[in-house]
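Participant: 3D, please:
(chains A and B)
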Amino acid sequence: MVYRLRYTLIILLFLVNGYDLNSQITLNDFSIVVIGNNTGTKKMSETTIKQYFKGKYNKWPNKKRVIVALASSKHPKVEWYSNLLFNKSFFAVKKYWYSLVFQGRNDAPYFFASDQELIEFVKLNPGAIAIVEKSSKVPEHLKIKLNE
Amino acid sequence: MKQNKNIFGNQIVKPIIWSFFLLVFPNSLHSQMSARLNAYGHINFESVFSDTTYSNFSLGEQELFINAKFNDNFSFLGEITLNYSGHGNYRLNIERLRLKYNYYKNHSLIIGKFHTPVNYWNDVYYHARLFFPTIDRPLMFSKWIPVHTFGMRLQGQNIGKNNFGYDLLIGSGMGSEDIHNVFKETSITAAVHWKPTDEMRFGFSGYLTSMDDASEMAAHSHGGGEHEMNMYSGPLDFQMLNASIAYFGEKWEVLNEFSFNRTKTDTLGVSNNISNYTYVGRRFLEKNVAFTGFDVLYTGENDLHTYPYDRMKFILGYKYEYSERLNVKAQIEYYTNIYDDDSHDHSIGSKYEFKIQMSYGL
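Facilitator: As a prediction, the model looks like this:
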């Protein structure tokens, strides 16, 4: 009876967690740069930076409000960026954020159609973060380095 | 003679709320404000097959949602619904209206009217059917879940690596109204949750209140399919424990809501009541979800809060998401009693229901 229960629990855990066992794609593996304006940090772990994009934190270490900027459906790399940051499709990312805002837990993110628009938005808004391709012209002072 | 069941009394709660408001608001007067307005709603079709058979097409709850930021720390959230009240009339309800002060990292102080975070459903879905996994709320919502609380709340979320969260509330009781005698009865809610992954959340909560008149259940107006009026107007003590398990992954979706409560009256003594709702969904081709559910509720023979009642509900359904703002659900439900013998004279028979719901957000 105990063994049967144990096997049942293992199977249940696999069913529930099985899809999370695949290691997530890392930002360091790709030609991506994380940009932020007046976030109070120039270096951050990839895990932590992804948590900021997921709305886990409301404020930066310097107490500035976190403003998330994401690629919109018109951005040519939207699915790639969504997968890199959230390990989800853009459809799932929109659902995730739509629900969080309705719950009153986070402010809505801003969506942009190109890397240039993302860079301009981050440049103008203290506390804003985004990811763009390294090939985009990014001012050095906006870059946040990943330390893992 | 009616007893005064107010746990803290107006003399303490009201000055705290006003002090909080005066402390926070002056800093916000000179700041720029950003606001966001959304609308949600749904349209229902249902066919009921029991002793009598009928079909109904109805305009469901329509709502406005306002989210505004006064400054980096201070925000406002409002949710107002419009419901059909009969004879061509509609009724406006304030479902959430809260001022939130984010005082330290992910810790906040909230005052106003909000959904009591006793379980995952009430803390995440609120009134927009767009987010509901099934068409109706669990049965426990029609009997004893205190949907709203007006009061003061300490909230923490995503704390530490394991994303712990907590809520501590002091506010109105189940019978309190929003305008008159808000703190005539007081309730205390303590809830904790843990999110080991982005998709998973475990929660546990306790809720405590006492009421002078158990028939006044203003916070009980959210049916999970079946709802009855309470005729007992005497005092009653109510204690409740809830546990939630939620997993909404890429392929599988699981939600289990467990609720146990204990009511006590001088007339009939203690009654233990229990309910459990289970939902399992399988997502395929990204926007399609096939789901099933099982809902069960039992109240004791000597319960004077919701009266003796036993019910089971089986659900089989399908959801298609056109976009993150529009979906259609169709489900077949079968209701029956747990006990189908003469020892329970509150049997209300079996029935089938077929429902279609289109829900949207703008």
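Participant: Can you name the residues that contact B:L97?
Facilitator: The neighbours of B:L97, taking C-beta atoms under 8 Å, 6 or more residues apart in numbering or on different chains as the test, are B:77-79, B:112-113. Any C-beta I mention is one placed from the backbone N, CA and C, and that applies to glycine too.
Participant: mind listing the strands for chain A?
Facilitator: Secondary structure of chain A, counting by DSSP state E: strands at A:32-36, A:43-44, A:67-71, A:110-112, A:128-133, A:143-146.
Participant: and B:D51, which of those strands is closest to it?
Facilitator: strand A:110-112 (52.8 Å; C-beta to C-beta).
Participant: So what are the sheet partners of the closest one and their directions?
Facilitator: strand A:67-71 (parallel) (DSSP bridges).
Participant: pull the helix or strand with minimum mean pLDDT from chain B.
Facilitator: Least confident helix or strand of chain B, by mean pLDDT, DSSP states H and E, is helix B:10-24 with a mean of 50.
Participant: Which pLDDT does the model give the closest residue to chain A within the stretch 201-350 of chain B?
Facilitator: At 4.3 Å from chain A, B:E324 is the closest residue in the stretch 201-350 of chain B, using C-beta to the nearest C-beta. If you check B:E324, the pLDDT there is 89.
Participant: swap in B:R137?
Facilitator: Note on B:R137: pLDDT of 93.
Participant: One more: A:D29?
Facilitator: At A:D29, pLDDT is 67.
Participant: and what of the one 3 residues further on?
Facilitator: Here the pLDDT value assigned to A:I32 is 88.
Participant: From the contacts of B:L97, which land in strands?
Facilitator: Using DSSP E, the contacts of B:L97 in strands are B:77-79, B:112-113.
Participant: Which SSE is immediately downstream of the least confident helix or strand of chain B?
Facilitator: strand B:34-49 (DSSP states H and E).
Participant: and that next one, average pLDDT?
Facilitator: 90.
Participant: Each with direction, which strands does the helix or strand following it pair with?
Facilitator: Note on strand B:34-49: by DSSP H and E, the next helix or strand toward the C-terminus is strand B:53-69. Paired neighbours of strand B:53-69 in the sheet (DSSP bridges): strand B:34-49 (antiparallel), strand B:74-86 (antiparallel).
Participant: on that earlier part again, can you name the residues that contact the residue of the stretch 201-350 of chain B closest to chain A?
Facilitator: Going by C-beta under 8 Å, 6+ apart, the list of residues near B:E324 reads A:91, A:94-95, A:98, B:361.
Participant: Around the nearest residue to B:E257 once chain neighbours are set aside, count how many other residues there are.
Facilitator: Distances taken as C-beta to C-beta, 6 or more residues apart in numbering or on different chains put B:Y277 closest to B:E257, at 4.4 Å, once the chain neighbours are dropped. Using other C-beta atoms under 10 Å in any protein chain shown, B:Y277 has 26 other residues around it.
Participant: tell me the average confidence for whichever strand or helix holds B:Y277?
Facilitator: Assigned by DSSP H and E, B:Y277 belongs to strand B:269-284. Taken as a whole, strand B:269-284 has a mean pLDDT of 93.
Participant: what helices or strands is the next helix or strand after it leaning on?
Facilitator: Next along the chain after strand B:269-284, taking DSSP H and E as the criterion, comes strand B:288-299. If you count contacts as 3 or more C-beta pairs under 8 Å, 6 or more residues apart in numbering or on different chains; DSSP states H and E, strand B:288-299 packs onto strand B:269-284, strand B:309-323.
Participant: For strand B:288-299, buried residues please.
Facilitator: B:289, B:291, B:293, B:295-299 (16 or more other C-beta atoms under 10 Å in any protein chain shown).
Participant: from the residues you listed, which is closest to B:M240?
Facilitator: Distance to B:M240 across these (C-beta to C-beta) is lowest for B:T299, with 12.5 Å.
Participant: where does chain B come near chain A, residue by residue?
Facilitator: B:36, B:38, B:65, B:67, B:69, B:72, B:75, B:77, B:96, B:98, B:100, B:102, B:105-106, B:123-124, B:126, B:128, B:131, B:157-158, B:163, B:197-200, B:247, B:249-252, B:254, B:286-287, B:321, B:323-325, B:361 (C-beta under 8 Å from any C-beta of the partner chain).
Participant: low-scoring stretches of chain A, by residue?
Facilitator: A:1-25, A:28-29, A:148 (pLDDT under 70).
Participant: roughly how far apart are B:F284 and B:F291?
Facilitator: 11 Å (C-beta to C-beta, to the nearest Å).
Participant: In contact with the residue of the stretch 151-300 of chain B found nearest chain A, which residues?
Facilitator: Of all residues in the stretch 151-300 of chain B, the one sitting closest to chain A is B:N158 (4.3 Å; C-beta to the nearest C-beta). By C-beta under 8 Å, 6+ apart, the contact set of B:N158 is A:51, A:56-57, B:106, B:164-165, B:195.
Participant: one more time with 10 Å, if that's ok
Facilitator: Taking C-beta atoms under 10 Å, 6 or more residues apart in numbering or on different chains as the contact definition, B:N158 lies against A:51, A:54-58, A:105-106, B:105-106, B:164-165, B:195.
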